[in-house]
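A.B. asks: sequence unavailable; structure follows:
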């Protein structure tokens, strides 16, 4: 808990990339598609935003390049894959913990609209 | 297919504008992702033009951000601020004698202190020293300053000699757009600078004039960048002749403005009544 508290909040782009990589290694296009799927199409990331965030995440040690290989679901071109590091997983856990606390506060204050099927 | 090849090669060219380290680390992956996105659009038969336009703009914004981050995080910004501070101080010290002459020689005349005149004089001197001071410092330190060598890994739009020269020329010529628009009747320069009532001081017009003067100052500093880096590495002052010509022209224009101002106002500095 103390460790996660020391990690600063993440930007939405970084959070979504970490979330996309939490289920396994992905290449750039794969991350974009996973972010789109995770957010139910609400978040669309362009290459400028994706790679700008990836650069800072690589520098901060949150992600690392794994290898260059062919994606069997796509063509036979080789792509660079990215994977979550231990620090990246910790940062994601800390952010999710923050979200959880906010949801708890919102539930306590009965802020959720009645139309939502939340267990309040 | 031919269209897609053109788009791909244009995007590849756009990616070359990223800072060197970024390009080396992520350029290849970014290019591949763009190809994947294009393929997806083609397969789903979605409109390609809108996507391409959006991606190019989004990537261009990304390039701008990366350069901005590089400039603000590195020691380049500190060096620029240090140079601007020194230039401001040197310019103030250099106009002090004229200020003393003005105050001393005109003490018997009931006149207001010409603050605007000294501000313009200071601005001219500031421009000259802000452009030339880094070059002079770099020339003096030569290759002894290897503790701070050429930052080859930080190749940005402003540090790349070719793009620096182009940006510098564009900035220098930019204020010329106003008289051009005025001549074709699309804009009234007089109204822009003097406002609706020329008798009353117009602050937006004054701010605009000041900003226009800062354009050539910025142009001179940017053009001087590659010269400074070459001198620091022990290279020759003439290694970048185009940049040197730009620096010389801009410095000469500011110097000419200052000298003509001093000649024009000399009788006033000497205490001649009704000198204007």
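C.D. replies: On my side now, so go ahead. In this text the structure is predicted, and so the values were computed from the model without any measurement.

A.B. asks: residues of the helix ranked longest in chain A that come out buried?
C.D. replies: Longest helix of chain A, by residue count under DSSP state H: helix A:86-108. Residues of helix A:86-108 classed as buried by neighbour count (16 or more other CB atoms under 10 Å in any protein chain shown): A:88, A:90, A:91, A:92, A:94, A:95, A:98. Just so you know, the C-beta spots here come from the backbone N, C-alpha and C atoms, and that holds for glycine as well.

A.B. asks: list the contacts for the residue in the stretch 1-150 of chain B that chain A sits nearest to?
C.D. replies: Going by CB to the nearest CB, chain A is nearest to residue B:62 of the stretch 1-150 of chain B, at 2.6 Å. Residue B:62 sits next to A:46, A:47, A:48, A:49, A:51, A:52, B:18 when contact means CB atoms under 8 Å, 6 or more residues apart in numbering or on different chains.

A.B. asks: leaving out chain neighbours, which residue sits closest to the fourth one?
C.D. replies: The reference is to residue A:49. residue A:13 (5.6 Å; CB to CB, 6 or more residues apart in numbering or on different chains).

A.B. asks: give the buried residues for the helix or strand hosting that neighbour.
C.D. replies: For residue A:13, the enclosing helix or strand under DSSP states H and E is helix A:12-21. Buried residues in helix A:12-21, counted by 16+ other CB under 10 Å: A:13, A:14, A:15, A:16, A:17, A:18, A:19, A:20, A:21.

A.B. asks: likewise for stretch B:241-253?
C.D. replies: In stretch B:241-253, counting by 16+ other CB under 10 Å, buried: B:243, B:244, B:246, B:247, B:250, B:251, B:253.

A.B. asks: which residue does chain A bring closest to chain B?
C.D. replies: Closest point on chain A to chain B, by CB to the nearest CB, is residue A:48, at 2.6 Å.

A.B. asks: hang on, residue A:69 is in a strand, isn't it?
C.D. replies: Yes. Assignment of residue A:69 by DSSP: H, G, I helix; E, B strand; the rest coil places it within a strand.

A.B. asks: contact residues of chain A facing chain B?
C.D. replies: Residues of chain A lying close to chain B (CB under 8 Å from any CB of the partner chain) are A:27-29, A:32, A:46-52, A:54-55, A:58, A:74-75, A:77, A:79-80.

A.B. asks: any of these buried? List them.
C.D. replies: A:27-29, A:32, A:46-52, A:54-55, A:58, A:79-80.

A.B. asks: mind checking pLDDT for the residue lying closest to residue B:131 once chain neighbours are set aside?
C.D. replies: Leaving aside its sequence neighbours, residue B:131 sits nearest to residue B:220 (CB to CB, 6+ apart; 3.6 Å). On the pLDDT scale, residue B:220 is placed at 92.

A.B. asks: do the same with residue B:1
C.D. replies: Residue B:1 is given a pLDDT of 62.

A.B. asks: which stretches of the chain aren't confidently modelled?
C.D. replies: In the absence of a named chain, chain A is used. Along chain A, the model assigns pLDDT under 70 to residues A:1-6, A:114-120.

A.B. asks: meant chain B actually
C.D. replies: For chain B (pLDDT under 70), the answer is B:1-2, B:71-79, B:141-156, B:276.

A.B. asks: what residue is smack in the middle of it?
C.D. replies: Central residue of chain B (CA atoms, centre = their mean): residue B:218, 2.2 Å from the mean position.
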